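1. Build the 3D model from these lines:
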Amino acid sequence: MTSTVAVLPVRDGTLPAGSLDAVAAAGGEVLVVGAGADRAAEQLGSLAARVRAWDTPGFAPGRWAPVVAELVGDGRIVVLPGSPDGRDLAPRVAASLGLPLVAGVVEVRDDRLVAARWGGSVMVEVALSGPVVVTVQPGLSAPESHEHGSGPAAEAVEAAPAGHRDAEVVELLGPDVATMDLAEAPRLVGGGAGLDSPERFGELADLAELIGAAMGATRVVTDRGWVGHERQIGTTGVVVDPSLYLAFGISGAVQHTAGLGDPDHIVSVNTEPHCPMMSMADLAIVSDANATVVELLRLLRSEGAAAS
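-> Residues are numbered from 1 along each chain as shown. Here you go, the predicted model:
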């Protein structure tokens, strides 16, 4: 059986989205790479069986890749999180190892992979005939909580980035909540079939921007063409794990709720008080979602005008 290792690119000691999924898929062996790698390794807790940490500044996937390839060795399934940095590093590691890359994996088995295609509407099995590099979608597995128990001490790795050419970072900008990857968003505003028009979703996007959130929708809405499929929240779309989720007119089909992760706070607005989304909510508001969006927008805009 081909052995497996997770590679986690980190910034400032923070694990990227999907790190625990990658570690769980790899069976517990981990290589953490980046600034504050040793601090990030401590966050894995008992989920990791063996951890190596290469503490190196900045983010330089082109220069890191040959070193990572040497550290993981041949004959391995190399698993990276499907975070933005993971997606940047993965193809470079695959090229350095001379291995194929399979993106969007939702399950890693001994002899095959299961990958999401066509926006998650199709699951494809990929037979394994040898080593491969994969990226896994964040939030799809439910690994045992890494907060319980302490894991192994990280083994420090001494290495120098290779002299390969790399992209030059001119400026690092904060994420635009209107366009950022839903899987990375700490706050989400979601709309479902209870919202009555494409124009209402334009208002919902404005509302999301005013509170520093990203806007998403359910499958029925994206199937209507009112919102792009990249904004679809759920197991057949983007699996998310925000700290705050506001649901407007969403009944709570299992495909949607199973892809929500474990938000710290859920607020649901719906005319049906007993639907699954209302049952899950920390605050359930029995009201017309369309009227609520309009009123919230009015209040937020008036507050903004008064502050200026």
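2. Dihedrals phi and psi, the spatially most central residue of the chain?
-> Nearest to the geometric centre of the chain sits Ala183, at 3.5 Å (Cα atoms, centre = their mean). Dihedral pair for Ala183: phi -60, psi -20, per degrees, to the nearest 10.
3. For Val134, which residues are in contact?
-> Val134 is in contact with Ala25, Ile77, Val78, Val79, Leu80, Ala90, Leu101, Val102, Ala103, Val105, Val108, Leu113, counting by Cβ atoms under 8 Å, 6 or more residues apart in numbering. For every residue, glycine as well, the C-beta is placed using N, CA and C.
4. ok, now Leu31?
-> Counting by Cβ under 8 Å, 6+ apart, Leu31 has contacts Val5, Ala6, Val7, Leu8, Val51, Arg52, Ala53, Trp54, Val68, Leu71, Val72, Val157.
5. Over to Val122?
-> Ala116.
6. ok, back up a step: correct me, but the residue nearest to the centre of the chain touches Pro138?
-> Yes - with contact defined as Cβ atoms under 8 Å, Ala183 reaches Pro138; the gap is 4.8 Å.
7. Pull up the overlap in contacts between these two.
-> What both Ala183 and Pro138 touch, as defined by Cβ under 8 Å, 6+ apart, is the set Ala17, Gly18, Gly82, Ser83, Val239, Asp241.
8. Any chance of CSV for these, columns pLDDT and neighbour count?
-> As requested, those are arranged in CSV below (pLDDT from 0 to 100; neighbours: other Cβ atoms under 10 Å):
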residue, pLDDT, neighbour count
Ala17, 81, 23
Gly18, 83, 27
Gly82, 88, 27
Ser83, 86, 24
Val239, 83, 26
Asp241, 85, 22
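9. Tabulate the CA atom coordinates of the helix or strand encompassing Glu125 in CSV.
-> If you go by DSSP states H and E, Glu125 is part of strand 122-127. Provided in CSV are the C-alpha atoms of strand 122-127 (Å, rounded to 0.1, in the frame of the first residue of the first chain):
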residue,chain,number,x,y,z
VAL,A,122,-20.8,14.7,-10.2
MET,A,123,-18.5,12.5,-8.2
VAL,A,124,-15.7,10.7,-10.2
GLU,A,125,-13.7,7.7,-9.0
VAL,A,126,-10.0,7.8,-10.0
ALA,A,127,-8.2,4.5,-9.8
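10. What pairs with that strand, parallel or antiparallel?
-> Applying DSSP bridges to the sheet, strand 122-127 is found paired with strand 112-117 (antiparallel).
11. okay, the partner strand in CSV with CA atoms only?
-> Output of strand 112-117 as CSV, limited to C-alpha atoms (Å, rounded to 0.1, in the frame of the first residue of the first chain):
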residue,chain,number,x,y,z
ARG,A,112,-8.8,5.0,-5.5
LEU,A,113,-9.8,8.6,-5.1
VAL,A,114,-13.2,10.2,-5.2
ALA,A,115,-13.2,13.7,-6.7
ALA,A,116,-15.9,16.3,-7.2
ARG,A,117,-16.5,17.6,-10.8
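12. circling back: the residue nearest to the centre of the chain: what's it in contact with?
-> Ala17, Gly18, Gly82, Ser83, Gln137, Pro138, Gly139, Val238, Val239, Val240, Asp241.
13. change it to 10 Å
-> Counting by Cβ atoms under 10 Å, 6 or more residues apart in numbering, Ala183 touches 16-18, 81-84, 137-139, 214, 233, 238-242, 259, 261.
14. before we move on, back to that, so which of the contacts of Val134 belong to strands?
-> Using DSSP state E, the subset of the contacts of Val134 located in strands is Ile77, Val78, Val79, Leu80, Leu101, Val102, Ala103, Val105, Val108, Leu113.
15. if we look at the sheet, which residues does the second one bridge to?
-> Read that as Val78. In this structure, Val78 bridges to Val5, Val133 when assessed by DSSP bridges.
16. hang on, the earlier thing: so which of the ones in strands among the contacts of Val134 comes closest to Pro175?
-> Pro175 lies nearest to Leu80 out of the ones in strands among the contacts of Val134, by Cβ to Cβ, at 20.0 Å.
17. And the closest one, how far from Asp21?
-> As judged by Cβ to Cβ, to the nearest Å, Leu80 and Asp21 stand 10 Å apart.
18. Neighbour count: the two, which is higher?
-> Set Leu80 next to Asp21 and count neighbours by other Cβ atoms under 10 Å: Leu80 wins out with 33 against 25.
19. wait, the more buried one sits on Val132?
-> No - between Leu80 and Val132 no contact is recorded; they are 11.6 Å apart, counting by Cβ atoms under 10 Å.
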